[in-house]
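Enquirer: got a predicted structure plus its sequence, pasted below:
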Amino acid sequence: MGIEGFRELLKSSRSIRRYDSSVKISREELMKLIELSRYCPSANNKQRLRFRAINDEEGCRNVFSNVIFAGSLGKDGTPSPGEEPSAYIIFLNDNGVGPARGEDIGICAEAMLLGANLMGYAGCMLGSIKKDSLMEYLGLSREAYEPVLVLALGKGIEKAEIENMEKDGDTAYYRDEDRVHHVPKRRLGDILI
Ligand SMILES: Cc1cc2nc3c(=O)[nH]c(=O)nc-3n(C[C@H](O)[C@H](O)[C@H](O)COP(=O)(O)O)c2cc1C
């Protein structure tokens, strides 16, 4: 893949929050995505992150109830029945290794999101997590592990488009009357200083 292909992959790998939940993602596929994290940079090479793959019905129902989709769209942001993700990867910081590093989390999350897109799926990083309740379900202690991100995955059915934002314009994403999701992005000239 050349730079143009990579740019297109990045451009098309938007945060997607509506899925065809009848399309399942196998454990093997989730393992392929989690394995990508092994090839990612990590501050001091500490490799603080641990992962839990969820693709069973009960697990998905539970994780779904412990995350918030598109908070700024209000109730509309939550996937409707039949449009929920069919799998999740929970990112956990191993506190025994050291405090969480946001950089490590972001790098691994984007690697997995791009990988998922290459596999024909879509996803969304979710930082809004009801941590106590999720950890109770996972049976893990918060002293030992910190849930830092949830990557929702599924067969995307939502159309999402990037828009060039006016300088100092509104960064808020929105949905139009056809439920197309619009994501304003700053222009190249506006991110150079
Ligand atoms: C660290 C992080 C946390 C996020 N948390 C949430 C979240 O809790 N819920 C959600 O619906 N989207 C979440 N997102 C997705 C962002 O809303 C999304 O990246 C942003 O709107 C830009 O859209 P794009 O990813 O398509 O470029 C998160 C993204 C990142 C990087």
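Expert: Nice, I can see it.
Enquirer: pull the number of nearby residues for the residue nearest to residue 172 when sequence neighbours are not counted.
Expert: Excluding the flanking residues, the one nearest residue 172 by Cβ to Cβ, 6 or more residues apart in numbering is residue 72, at 6.0 Å. Glycine gets a C-beta too; all of them are placed from N, C-alpha and C. Neighbour count of residue 72, defined by other Cβ atoms under 10 Å: 9.
Enquirer: secondary structure class for the residue positioned nearest the centre of the chain?
Expert: In the chain, the residue lying closest to the centroid (Cα atoms, centre = their mean) is residue 125, at 2.0 Å. Under DSSP: H, G, I helix; E, B strand; the rest coil, residue 125 falls in the strand class.
Enquirer: what's downstream of the lowest-mean-pLDDT helix or strand in the chain, the next helix or strand?
Expert: Ranking every helix and strand in the chain by mean pLDDT, DSSP states H and E puts strand 174-175 at the bottom, with a mean of 94. Of the helices and strands lying after strand 174-175 in sequence (DSSP states H and E), the nearest is strand 181-185.
Enquirer: helices and strands around that next one, which ones?
Expert: Other helices and strands packing on strand 181-185, by 3 or more Cβ pairs under 8 Å, 6 or more residues apart in numbering; DSSP states H and E, are strand 160-164, strand 174-175.
Enquirer: return the list of strands paired to the first one, each annotated with direction.
Expert: Put plainly, it is strand 160-164. Each strand paired with strand 160-164, and its direction, by DSSP bridges: strand 181-185 (parallel).
Enquirer: buried set for the longest helix seen in the chain?
Expert: Taking DSSP state H as the criterion, the chain has its longest helix at helix 102-118. Residues 104-105, 107-117 are the ones in helix 102-118 that count as buried (16 or more other Cβ atoms under 10 Å).
Enquirer: go ahead and confirm residue 41 touches residue 107.
Expert: Yes - in this structure, residue 41 is within contact of residue 107 by Cβ atoms under 8 Å, at 5.9 Å.
Enquirer: show the contacting residues for residue 73.
Expert: Shown in contact with residue 73 (Cβ atoms under 8 Å, 6 or more residues apart in numbering): 173-175.
Enquirer: enumerate the residues of the chain near the ligand.
Expert: For the chain, the residues found near the ligand under the criterion Cβ under 6 Å from any ligand atom are 14-15, 17, 68-70, 124-128, 160, 173, 183.
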